[in-house]
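J.: 3D model of this:
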Amino acid sequence: MSGKRRNWSDIKPLLGQQFRPPSDTTRTSNSVFLEMTSNPSITTSNPLRSVFLGVDVGTGSARAGLFDENGKLLGSFSSPIQIWKDGPFIEQSSTDIWHAICAAVKAACSLAHVSAEEVKGLGFAATCSLVAVDADGSPVSVSWSGDSRRNVIVWMDHRAVQQAERINSCNSPILQYCGGALSPEMQPPKLLWVKENLQESWSMVFRWMDLSDWLSYRATGDDTRSLCTTVCKWTYLGHAHMQQIKDKDSRNMAACGWDDDFWEEIGLGDLVEGHHAKIGRSVAFPGHPLGSGLTPTAAKEIDLVPGIPVGTSLIDAHAGGVGVMESVPQLDPEAEDSDKEAVSRRMVLVCGTSTCHMAVSQSKLFIPGVWGPFWSAMIPEFWLTEGGQSATGALLDHIIENHVASPSLANRAASKKISVFELLNKMLETMILDQNPSFLAALTEDIHVLPDFHGNRSPIADPKAKGVVFGLTLDSSEKQLALLYLATVQGIAYGTRHIVEHCNSHGHKIDTLLACGGLAKNPIFIQEHADIIGCPIILPRESESVLLGAAILGAVAARKYHSLSEAMKALNAAGQVIHPSKDPKVRKYHDAKYKIFRGLYEQQLSYRSMMAQALG
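T.: Below you'll find the predicted structure:
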């Protein structure tokens, strides 16, 4: 495929369709959706094709998606994974995750009528969770319970807040590449917590791995780590490999980007031993083929052909960036010289349980409170800036499910065979007719939400931040829940506006957003973001952008494309463009609410100081 972009007028609308789960969605006994998508036009009588498989492990499920050579989704399947939650402690099982992956891949191939022989490449993406295994590859518990199944510390686990604070107090030069401070969601604080609290487990662990690296290791037996995971979550300095980007043998680069002084200083010097054997002795650029491909054992478990090329992995949000960053119409196909500049003006919003904000630049930009700059962590030779909100989809679920009107709302949605979100959106549309405000957003003039219910990841980088809801009354009706839902959506969008403005004030020139993930399918969520940030938002042709990004890794590993960038240009494609409202009243309204949004955190700091003095 040439990678040539369609014109704006050629883009097929997406949001004209109603926001709902797939019609063949079923609910399991533990209330987790199994999502199945297939293309009925694909039949087993078709000749063998070149199909690329992407696997994505999210917070609640493992998903598999199959894509053709044009980047079109042929079929996908989602299988639930178990999760244990106890306050800040959130854990999973790598064994359970692998079983879910095997089930998802088999079901996706069956639904899409894709034979094992047609799958030419495989790529993995996953949350940046931490996996512990022993010398035999067996799980090692990271849980107070001692349960060996629970060997994964989930990305959103906040047990290591104190460890993160101590690490940050060291003021290591390495921290400048993490926005000035490590988050408790990153791996060094979690590793330090295990060493200080679970000594037996600490002594048993032979490999500490990011989840996506563990998946590729489980599939190939190759312990090579991804430049994406190590740079973004482990403080690895990817720019140590700048001279190797053109090296044909760079797929198994010796890990020369570790800062041993940093690990010694924070009390984890034992991880330096054996040329960093426990945390990674070799790294590779995303998409480079690992080992000899899929091992016979893994192939049998997953029902694929042994030896299929497997690409070095990506974190799920970064896979979303790869799957959507080039999903833009090109008005001037000849303007190749401006490609790098154009990419640098975009930000990808990967909207799921949390939201990640991915932007790239040709030069490194140090931005306080925003992760990075990370060299080649997503797109080769670009510096990555990574902002984020720790709870977005999870926050909306929390707001809805903990409201007294939630059960009746859920029953009504089920009876209408629509999602709760679609029902809430319909209710808001009805309320516009009844109350006759100038525009939908004006319904929330008395309700303001600070969405930091799980701390603030960016740009304030305050894990102790708390959520705020201003404007509560005794009204417990479904209509009041709809207003609270809308105000929460707006609060999330104000958080993204804060991140965009902060990045632009430190050297970025972001003027276009691209959105993917589950929340990107919600028209009110996307329109409110466009209105509040004041930027057009482009939706990709294929809504499963994370799966596409993972499949692109497989296509690159299979040598279908010479580079990740080439594959992105060939397989990304634009869908609908959502423009911000041109009504000056809408802008004035959101400017006022944004000022209140910023003030809610300022007040929180003041109150926090007052209470500290009182207790002191």
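
J.: how far does stretch 508-527 sit from its chain's centre?
T.: 13 Å (C-alpha atoms, centre = their mean, to the nearest Å).

J.: next one: stretch 213-232
T.: Remark: stretch 213-232 is offset 17 Å from the chain centroid, using C-alpha atoms, centre = their mean.

J.: select the longest helix from the chain.
T.: In the chain, with assignment by DSSP state H, the single longest helix is helix 584-615.

J.: so for that helix, mean pLDDT?
T.: For helix 584-615, the mean per-residue pLDDT is 97.

J.: go through it and flag the buried ones.
T.: Neighbour counts using 16 or more other C-beta atoms under 10 Å place 586, 589-590, 593-594, 597, 600-601, 604 of helix 584-615 among the buried residues. Just so you know, the C-beta spots here come from the backbone N, C-alpha and C atoms, and that holds for glycine as well.

J.: just stretch 73-85 next, same as before
T.: Within stretch 73-85, the residues scored as buried using 16+ other C-beta under 10 Å are 73-84.

J.: show me what the longest helix of the chain is packed up against.
T.: Judged by 3 or more C-beta pairs under 8 Å, 6 or more residues apart in numbering; DSSP states H and E, helix 584-615 is in contact with strand 448-450, strand 468-470, helix 478-504, helix 523-533.

J.: and these: which comes nearest Leu433?
T.: Leu433 sits nearest to helix 478-504 of all the helices and strands packed on helix 584-615, at 12.8 Å, using C-beta to C-beta.

J.: centre of the chain to that closest one, how far?
T.: On the basis of C-alpha atoms, centre = their mean, helix 478-504 sits 18 Å off its chain's mean C-alpha point.

J.: buried residues in that helix, which are they?
T.: Buried residues in helix 478-504, defined by neighbour count with 16+ other C-beta under 10 Å: 478-503.

J.: what angle separates it from helix 523-533?
T.: If you take axes from the mean of the first three to the mean of the last three C-alpha atoms, to 10 degrees, helix 478-504 sits at 40 degrees to helix 523-533.

J.: contacts for the very next helix or strand once past helix 478-504 next, please.
T.: Next in sequence after helix 478-504, counting helices and strands by DSSP states H and E, comes strand 512-516. With contacts defined as C-beta atoms under 8 Å, 6 or more residues apart in numbering, strand 512-516 is touched by 320, 323-325, 327-328, 345-351, 500, 526, 529-530, 533, 535-540, 543, 545-546.

J.: and strand 512-516, which strands flank it?
T.: Next to strand 512-516 in the sheet, as set by DSSP bridges, lie strand 346-351 (parallel), strand 537-540 (parallel).

J.: deepest-packed of those, please.
T.: Among those, strand 346-351 has the highest mean neighbour count (mean count of other C-beta atoms under 10 Å), at a mean of 28.

J.: who's in contact with it?
T.: Strand 346-351 is contacted by residues 316-317, 320-321, 324-325, 328, 355-360, 392-393, 496, 500, 503, 508, 510, 512-520, 525, 529, 537, 545-546 when judged by C-beta under 8 Å, 6+ apart.

J.: pull the following helix or strand past that strand out as CSV, backbone CA atoms only.
T.: Downstream of strand 346-351, the next assigned helix or strand under DSSP H and E is strand 355-361. Below are the C-alpha coordinates for strand 355-361, written out as CSV (Å, rounded to 0.1, in the frame of the first residue of the first chain):
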residue,chain,number,x,y,z
THR,A,355,-6.2,8.3,29.2
CYS,A,356,-2.7,8.6,27.8
HIS,A,357,-1.6,11.7,25.9
MET,A,358,1.1,10.9,23.3
ALA,A,359,3.0,13.6,21.4
VAL,A,360,6.4,13.5,19.6
SER,A,361,9.0,16.0,18.7
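
J.: name the helices or strands packed onto whichever helix or strand comes after strand 355-361?
T.: Using DSSP H and E, the helix or strand that follows strand 355-361 in sequence is strand 371-375. Counting contacts by 3+ C-beta pairs under 8 Å, 6+ apart, strand 371-375 is packed against helix 227-233, strand 383-389.

J.: quick check: mean pLDDT across the last one?
T.: Model confidence over strand 383-389 averages 96 on the pLDDT scale.

J.: also stretch 529-539?
T.: For stretch 529-539, mean pLDDT is 97.

J.: same check, this time on stretch 290-306
T.: Here stretch 290-306 scores 98 as its mean pLDDT.

J.: give me the contact list for that stretch.
T.: With contacts defined as C-beta under 8 Å, 6+ apart, stretch 290-306 is touched by 53, 98, 101-102, 105-106, 109, 116-117, 119, 122, 216, 218-222, 224, 251, 284, 307-312, 557.

J.: now it: how far from the chain's centre is it?
T.: Between the mean C-alpha location of stretch 290-306 and the chain-wide mean there is a distance of 26 Å, by C-alpha atoms, centre = their mean.

J.: can you point out the buried residues in it?
T.: 290-291, 293-295, 298-299, 301-302, 304.

J.: kindly report the same for stretch 93-106.
T.: Result for stretch 93-106 [16+ other C-beta under 10 Å]: buried residues 93-106.

J.: neighbouring contacts of it?
T.: Contacts of stretch 93-106 (C-beta under 8 Å, 6+ apart): 53, 55, 57, 61-64, 77-82, 131, 133, 139, 149-152, 211, 214-215, 218, 301-304.

J.: these in helices, which ones?
T.: 211, 214-215, 218, 301-302.

J.: need the three-state assignment for Ala319.
T.: Assigned with DSSP: H, G, I helix; E, B strand; the rest coil, Ala319 falls in the helix class.

J.: so it versus Pro139, what's the distance?
T.: 24 Å (C-beta to C-beta, to the nearest Å).

J.: and these two? Which one has more around it.
T.: Neighbour comparison, Ala319 and Pro139: the larger count goes to Ala319, with 33 against 20 (by other C-beta atoms under 10 Å).

J.: can you put the buried residues of stretch 290-306 in CSV and add distance to Ala570?
T.: Shown next, in CSV, are these (distance: C-beta to C-beta, whole Å):
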residue, distance to Ala570
Leu290, 22
Gly291, 26
Gly293, 22
Leu294, 24
Thr295, 29
Ala298, 28
Ala299, 27
Glu301, 31
Ile302, 26
Leu304, 23
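
J.: out of those residues, who's nearest Asn402?
T.: Proximity of the buried residues of stretch 290-306 to Asn402 was ranked by C-beta to C-beta; the top entry is Ile302 with 38.4 Å.

J.: what about Asp210, neighbour count?
T.: Close neighbours of Asp210, defined as other C-beta under 10 Å, add up to 28.

J.: beta partners of it?
T.: Under the criterion used (DSSP bridges), Asp210 bridges to Leu130.

J.: pretty sure it contacts Thr229?
T.: Yes: using C-beta atoms under 8 Å, Asp210 makes contact with Thr229 at a distance of 3.7 Å.

J.: any residues in contact with both of the two?
T.: Common contacts of Asp210 and Thr229 (C-beta under 8 Å, 6+ apart): 128, 313, 315.

J.: please tabulate the residues you listed in JSON lines and include distance to Ala614 and pLDDT as additional columns.
T.: Compiled in JSON lines, these are given as follows (distance: C-beta to C-beta, whole Å; pLDDT from 0 to 100):
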{"residue": "Cys128", "distance to Ala614": "38", "pLDDT": "97"}
{"residue": "Ser313", "distance to Ala614": "48", "pLDDT": "98"}
{"residue": "Ile315", "distance to Ala614": "41", "pLDDT": "98"}
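
J.: understood, closing this out.
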